[in-house]
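> this is a predicted model, with the sequence first.
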Amino acid sequence: MAVDMNMTILIVDDYKTMLRIIRNLLKQLGFNNVDEAADGAAALQKLRGKDYDLVISDWNMEPMTGYQLLKEIRSDDKMQEMPFIMITAESKTENVIAAKKAGVNNYIVKPFNAATLKTKMSSVIGDF
């Protein structure tokens, strides 16, 4: 099944520069329908008000982390199947295990490029 290049993607990061970088990488890959949120709580609000096809979230944010956001999404009947990719600067094994247990679909360690993002996204949503 072909991936819909008009799919709606929510990127979540408390660092504006990182939001811009991810948005630009997604644009390079052909995705233009991108929303952003500055933390997990803001993301949750957006997710409850609109349908998204993919969430790409940073792990470390205040007041709600990407990990807490993931757990909220997985416990919500309407959103529990939503593809979720976690981004982190730390490749701690216990974080990866915790995220996997919480239901993350994939994991990206910073820094990364468009090729890495494409590979990780393809494994979650299919080839594009």
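Arrived safely. Computed from a predicted structure; not experimentally measured.

> and the contacts of stretch 30-40?
Contact with stretch 30-40 is made by 5-14, 16, 19, 23, 26-27, 43, 45-46, 50, 52, 57, 61-66, 68-69, 72, 128, as judged by C-beta atoms under 8 Å, 6 or more residues apart in numbering. For glycine as for every other residue, the C-beta is placed from the backbone atoms N, C-alpha and C.

> now do the phi/psi pair for Leu117.
Phi and psi for Leu117, reported as degrees, to the nearest 10, are phi -60, psi -40.

> give me the neighbour count for it.
Leu117 has 20 neighbouring residues, counting by other C-beta atoms under 10 Å.

> 58 is where my numbering starts, stick with that
That works, and once the first residue is 58, the last one we named lands at Leu174.

> excluding chain neighbours, what is closest to it?
Once flanking residues are discounted, Leu174 sits nearest to Leu82: 5.1 Å by C-beta to C-beta, 6 or more residues apart in numbering.

> from the contacts of stretch 87-97, list just the buried residues.
A residue is treated as buried here by neighbour count (16 or more other C-beta atoms under 10 Å); on that basis the buried members of the contacts of stretch 87-97 are 66-71, 76, 80, 83, 100, 109, 114, 118, 121-123, 125-126, 129.

> just the ones in strands from the residues you listed, please.
Ile66, Leu67, Ile68, Val69, Ser114 (DSSP state E).
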